[in-house]
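Enquirer: sequence plus the predicted model coming up.
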Amino acid sequence: MRRLLTSPWTTAVVVGLFLLSLWGPPFVVGGLLLRPEVMTAVLGLVVVGLVVRWVRAGGDGAAGRRACAALAVLAVVLVVGARGVLGLGTSYVVLAPVGPSGCRVVVEESSFLMLGSGRVGAAGRVGPVRLQSDYTADDGGRPASLGEYAVGWSGPDAVVRLHGNPGQPVWPALHEVAC
């Protein structure tokens, strides 16, 4: 186990996953939806742990290693913080009902000032959400969060209607999502 934790391959894989999580979609595990910011923070902590192990393995006279490690930890903290701030205005909603074979429709909603926007996607029981369709909503509307939607299933595909309300129209309102 010790070799696995100090292996350059382990470090490369974890750092690669950390970097991918910066642009990655949300992840579904059963009924739980993990926001991308959470995955970035968890992987960031793993990177910090690997850096600490790397420094400890250096022994005496490892001042250069310590400085490099401090910069790496600072970079991870800044990146995780920035990712968290960028995701503050975004919410994710898993729509009911769940489709055949456990497929779920997920809506990502964002709003800024008087403009709302979102993306509609699907995920299986476990895995990343595949965002497939975009919409905009007037006056910062968030139709999925407000329950202003209808989901119908036709085999493995879902038809989602985000109708909004008269003061906050959504366009396009109709979205077809493949699971």
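Expert: That came through fine. Residues are numbered from 1 along each chain as shown.
Enquirer: show me the domain layout of this protein.
Expert: According to automatic domain parsing, the chain is divided into the following domains: 2-86, 90-178.
Enquirer: quick check, distance from the first one to the centre of its chain.
Expert: Taking Cα atoms, centre = their mean, to the nearest Å, one finds domain 2-86 lying 16 Å from the centre of the chain it belongs to.
Enquirer: pick the most buried one from the domains of the chain.
Expert: Most buried of these, by mean neighbour count (mean count of other Cβ atoms under 10 Å): domain 90-178, with a mean of 17. The C-beta positions use only the backbone N, C-alpha and C, and glycine is treated the same way.
Enquirer: how far away from the center of its chain is that one?
Expert: Distance, centroid of domain 90-178 to centroid of chain: 15 Å (Cα atoms, centre = their mean).
Enquirer: where along the protein do the strands fall?
Expert: Ranges of strands in the chain, per DSSP state E, are 27-29, 32-34, 90-95, 104-112, 115-123, 126-128, 130-138, 149-154, 157-162, 170-171, 174-178.
Enquirer: lowest average pLDDT across the domains of the chain?
Expert: Mean pLDDT is lowest for domain 2-86 among those, at a mean of 75.
Enquirer: the longest helix in this structure is where?
Expert: helix 63-86 (DSSP state H).
Enquirer: alpha carbons only: can I get it in CSV?
Expert: C-alpha atoms of helix 63-86 as CSV (Å, rounded to 0.1, in the frame of the first residue of the first chain):
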residue,chain,number,x,y,z
ALA,A,63,14.0,22.6,2.0
GLY,A,64,13.5,22.7,-1.8
ARG,A,65,10.8,20.0,-1.5
ARG,A,66,9.1,21.9,1.3
ALA,A,67,9.0,25.1,-0.8
CYS,A,68,7.7,23.2,-3.8
ALA,A,69,5.1,21.5,-1.6
ALA,A,70,4.0,24.8,-0.1
LEU,A,71,3.4,26.2,-3.6
ALA,A,72,1.5,23.1,-4.7
VAL,A,73,-0.8,23.3,-1.6
LEU,A,74,-1.3,27.0,-2.2
ALA,A,75,-2.2,26.3,-5.8
VAL,A,76,-4.7,23.6,-4.9
VAL,A,77,-6.3,25.8,-2.2
LEU,A,78,-6.6,28.7,-4.7
VAL,A,79,-8.1,26.5,-7.5
VAL,A,80,-10.6,24.8,-5.1
GLY,A,81,-11.6,28.2,-3.8
ALA,A,82,-12.0,29.6,-7.3
ARG,A,83,-14.0,26.6,-8.4
GLY,A,84,-16.3,27.0,-5.4
VAL,A,85,-16.9,30.7,-6.0
LEU,A,86,-17.6,30.1,-9.7
